[in-house]
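K.L.:
model this:
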Amino acid sequence: MKYYRLTGRIRKSNTIKAYVMNYIGAGYWKSKREKLLKKYNNLTDKDLHYNEGNEKEMIETLSKKLGKTKQELLKLIVLL
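P.N.:
Presented below is the predicted three-dimensional model:
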């Protein structure tokens, strides 16, 4: 079981889907998406578009494009 810090609170998550849903549900994904687009020129809106049920595929695509592991990518997103 992994724990993620979101806005000063620790949340427990078993899956990438739950982690991404925490950001999207809380309204954080839009700002994170914009920061990722500014920081990495090779990312597109399509790469960062969220479709419910496809969270894992989105994270896998981003990790391949950025050359990072899933864990590194998730850490990067949290620290943005």
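
K.L.:
For the rest of this, base every contact and every neighbour count on C-alpha atoms.
P.N.:
Will do.

K.L.:
nearest residue to Thr61 other than its sequence neighbours?
P.N.:
Distance criterion CA to CA, 6 or more residues apart in numbering; nearest residue to Thr61, sequence neighbours excluded, is Asp47 at 7.2 Å.

K.L.:
what's the neighbour count on that neighbour?
P.N.:
16 (other CA atoms under 10 Å).

K.L.:
can you tell me the helix or strand for it?
P.N.:
Counting by DSSP states H and E, no helix or strand carries Asp47.

K.L.:
That one against Glu57, yeah?
P.N.:
No. Judged on CA atoms under 8 Å, Asp47 makes no contact with Glu57 at a distance of 9.9 Å.

K.L.:
how about low-confidence regions in this structure?
P.N.:
Within the chain, the stretches with pLDDT under 70 are 1-27.

K.L.:
Next up, the contacts around Asn42.
P.N.:
Asn42 is in contact with Lys65, counting by CA atoms under 8 Å, 6 or more residues apart in numbering.
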